[in-house]
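Undergrad: Test case, fold it:
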Amino acid sequence: MSTFQPGEKVSFLHEKGDGVVTSFENGRYTVADEFGFERTFLPNELVKIYGTNYGLSDSEFVANDDETLSRSRHLEFKESRTGARRPLDVWEIDLHIESLLDSHSGMSNGEILSVQLKELKNVFSRAKSKFIRRLVIIHGVGEGVLKSEVLSYLHKQEGVEFYDADFREYGKGATMVEIRYNIH
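TA: Have a look, this model is predicted:
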């Protein structure tokens with residue numbers, strides 16, 4: 001079962017939206033949603049959001065080919081509850097549109113998807129150029145359109161293997177990509 005700390009950002013598994021954990025009492029978490037309303041949830045109804053500032057280094061905040069700044073950054077070594085260390089050759093990218101743009105009001109679903117896929121391609125290309133071995137793509141659960149497009153893109157790439165990321169760490173909305181390099 002997942003445990004969350006006050007101040008951690010979480011997403012709701014069975015509905016759209018997210019919020020910040022404010023407290024835990026009687027087996028339920030109180031979450032302040034994006035509109036400021038406090039709501040209660042069982043632990044299995046929430047998924048931790050690993051956004052652009054969670055365990056990430058600002059050193060990889062770089063310009064994309066089109067001179068826009070990428071908000072994806074690589075993961076630092078980080079101690080987990082088990083004492084395991086996450087290697088530096090794992091990058092994480094959050095494709096939620098709120099993580100990519102300051103505002104997406106007025107954009108169609110197709111335009112939003114286009115921005116998300118462009119970011120995926122930029123980060124994937126940059127990861128390969130830096131010989132990153134693992135890439136965690138956070139696409140969310142939603143209706144599955146973005147996940148479907150992410151998987152379609154990955155199927156076309158050579159030397160990659162991908163599968164659902166660890167549910168305990170990312171919930172249902174992430175894919176782990178392992179990139180193989182033929183270095184002679």
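Undergrad: hey, let's count contacts and neighbours off CA atoms from now on
TA: Fine.
Undergrad: how about the longest strand anywhere in the chain: buried residues?
TA: Ranked by number of residues, the top strand in the chain under DSSP state E is strand 18-25. Within strand 18-25, the residues that qualify as buried are 18-22, 24, counting by 16 or more other Cα atoms under 10 Å.
Undergrad: gap between that strand and the chain center?
TA: Between the centre of strand 18-25 and the centre of its chain there are 19 Å (Cα atoms, centre = their mean, to the nearest Å).
Undergrad: got it, and stretch 4-24?
TA: 15 Å.
Undergrad: Alpha carbons only: can I get that stretch in PDB?
TA: C-alpha atoms of stretch 4-24 as PDB (Å, rounded to 0.1, in the frame of the first residue of the first chain):
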ATOM      1  CA  PHE A   4       1.900   9.700   1.200                       C
ATOM      2  CA  GLN A   5       3.400  12.600   3.200                       C
ATOM      3  CA  PRO A   6       1.700  16.000   3.700                       C
ATOM      4  CA  GLY A   7       2.800  18.300   0.900                       C
ATOM      5  CA  GLU A   8       3.200  15.600  -1.700                       C
ATOM      6  CA  LYS A   9       1.300  16.000  -5.000                       C
ATOM      7  CA  VAL A  10      -1.000  13.200  -5.900                       C
ATOM      8  CA  SER A  11      -3.400  12.300  -8.700                       C
ATOM      9  CA  PHE A  12      -6.800  10.600  -8.400                       C
ATOM     10  CA  LEU A  13      -6.900   7.100  -9.800                       C
ATOM     11  CA  HIS A  14     -10.600   7.000 -10.600                       C
ATOM     12  CA  GLU A  15     -11.200  10.600 -11.800                       C
ATOM     13  CA  LYS A  16      -9.500  13.500 -13.400                       C
ATOM     14  CA  GLY A  17      -7.600  15.900 -11.200                       C
ATOM     15  CA  ASP A  18      -4.900  16.100  -8.700                       C
ATOM     16  CA  GLY A  19      -4.100  17.800  -5.400                       C
ATOM     17  CA  VAL A  20      -1.700  18.000  -2.400                       C
ATOM     18  CA  VAL A  21      -1.900  15.700   0.600                       C
ATOM     19  CA  THR A  22      -2.700  17.700   3.800                       C
ATOM     20  CA  SER A  23      -3.200  15.000   6.400                       C
ATOM     21  CA  PHE A  24      -3.800  11.400   7.200                       C
END
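Undergrad: Could I get the full set of strands for this structure?
TA: Under DSSP E, the chain gives strands at 9-12, 18-25, 28-33, 38-41, 46-48, 73-74, 90-94, 134-138, 160-164, 174-179.
Undergrad: Let me see the contact set for the residue nearest to residue 159 when sequence neighbours are not counted.
TA: Leaving aside its chain neighbours, residue 159 sits nearest to residue 180 (5.0 Å; criterion: Cα to Cα, 6 or more residues apart in numbering). Residues near residue 180 by Cα atoms under 8 Å, 6 or more residues apart in numbering: 133, 159-160.
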